[in-house]
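1. okay, predicted coordinates and the sequence, questions at the end:
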Amino acid sequence: MTLEHKNEKLQELISSLKKQSLDNKSGLWKRVALELERPTRAHRVVNLSKIEKYSNENDVVIVPGKLLSGGELTKKVTIIAYAYSQKTADKIHGKAQIISIEEGLKKYPNAKDIKIIG
């Protein structure tokens, strides 16, 4: 995927987040959009250990940046992340679920009970 194509996809995602925020009066999606508008080097980077520390069983958490594989995750949580590696997905397979922000928008349009971690 070229950098230009990646930037277009990110801009489409940001637009979708802002629209969802207005349609459902959800400040969370607007906050995620603002996080993703920042320069790439300023995006949040979160290790699994941080999710383990700050989440409870069956929580839905969002990482408006990249999810890294550092640490262990023992809780069954749903993680909505902008980016993550295959190593991270493999490490939590069977324990937790990782979905993209686009999927999170569809599954949780009102963003009720979602925690931002980062």
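-> All right, it came through fine. Note that this is a predicted model, so its numbers are computed, not measured. Numbers count the residues shown, from 1 in each chain.
2. check which residues of the helix or strand hosting A81 are buried.
-> Secondary structure assigned from DSSP states H and E places A81 in strand 78-84. Buried residues in strand 78-84, counted by 16 or more other CB atoms under 10 Å: T78, I79, I80, A81, Y82, Y84. For glycine as for every other residue, the C-beta is placed from the backbone atoms N, C-alpha and C.
3. now swap in stretch 91-103 and tell me
-> Neighbour-count burial for stretch 91-103 [16+ other CB under 10 Å]: K91, I92, A96, I98, I99, I101.
4. and of the residues you listed, the nearest to E37?
-> I101 (13.2 Å; CB to CB).
5. and that closest one, how far from K76?
-> Per CB to CB, to the nearest Å, I101 is found 20 Å from K76.
6. one more: K30?
-> Distance from K30 to K76, by CB to CB: 28 Å.
7. ok, and what's touching stretch 15-24?
-> Contacts of stretch 15-24 with the rest of the structure, by CB atoms under 8 Å, 6 or more residues apart in numbering, involve 26-30, 32-33, 36, 101-102, 105, 109-111.
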